[in-house]
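Asks: after the sequence you'll find the predicted model.
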Amino acid sequence: MALNVKKGDNVVVIAGKDKGKSGKVLTVIPSDNAVVVSGVNIIHKHKKPRSAQDKGGIMKAEGKINASNVQVICPACDKATRVGSKVVSGKHVRVCKHCGEALDKAVAKEVKKTAKAAAKETKVAQKSAAKTAKAAPAPKKAAPKSTAAPKKAATKTVARKSQAKGQ
């Protein structure tokens with residue numbers, strides 16, 4: 001079973017005794033479907049001193065937690081989210097189900113760079129289109145013809161013709 005969590009991800013615990021706590025993933029154990037998260041599932045180990053220089057005592061360490069009990073925190077929207085998959089520039093990328101941003105930092109930087117470049121190109125294209133629109137004169141629209149004026153003119157000409165015939 002593939003894990004949606006990678007080393008270095010910020011996660012929040014959604015089930016268990018540490019529900020609601022968040023931390024950074026220290027190690028991933030795919031064979032056990034488990035992760036070790038900093039500050040979560042603290043276990044106590046009793047260590048016996050093996051020599052005179054060794055110190056014994058109760059040691060605290062992070063224990064493993066099942067990977068299904070954590071959700072990745074999206075760096076873009078700061079929400080605990082399910083992980084989706086998308087192909088971006090020929091690579092499979094983990095994406096946030098809420099906002100669609102890439103969860104992998106390196107890929108996120110690459111996507112942002114390409115998005116900025118695309119936005120810059122569109123701005124340049126819009127500016128050049130605006131310049132060409134300003135340079136070319138706008139075609140003049142013909143005034144709409146009124147239907148009342150020709151009828152009056154026609155009646156006047158008819159009246160003149162009848163007057164001319166009568167005279």
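Replies: Happy to help now that I have it.

Asks: quick check: can you list the domain ranges of the protein?
Replies: Domain assignment for the chain by automatic domain parsing gives 1-46+59-73, 75-121.

Asks: any idea which of those is most buried?
Replies: domain 1-46+59-73 (a mean of 15; mean count of other CB atoms under 10 Å). Quick note: C-beta positions are derived from backbone N, CA and C, even for glycine.

Asks: now it: mean pLDDT?
Replies: Mean per-residue pLDDT for domain 1-46+59-73: 93.

Asks: restrict the longest strand along the chain to CA atoms and write it as CSV.
Replies: Ranked by residue count, the top strand of the chain under DSSP state E comes out as strand 22-29. The C-alpha coordinates for strand 22-29 follow below in CSV (Å, rounded to 0.1, in the frame of the first residue of the first chain):
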residue,chain,number,x,y,z
SER,A,22,0.6,18.4,14.7
GLY,A,23,4.2,17.9,13.9
LYS,A,24,6.8,17.1,11.3
VAL,A,25,7.2,13.6,10.0
LEU,A,26,10.7,12.3,11.1
THR,A,27,10.6,8.9,9.5
VAL,A,28,8.3,6.8,7.3
ILE,A,29,8.0,3.0,7.7
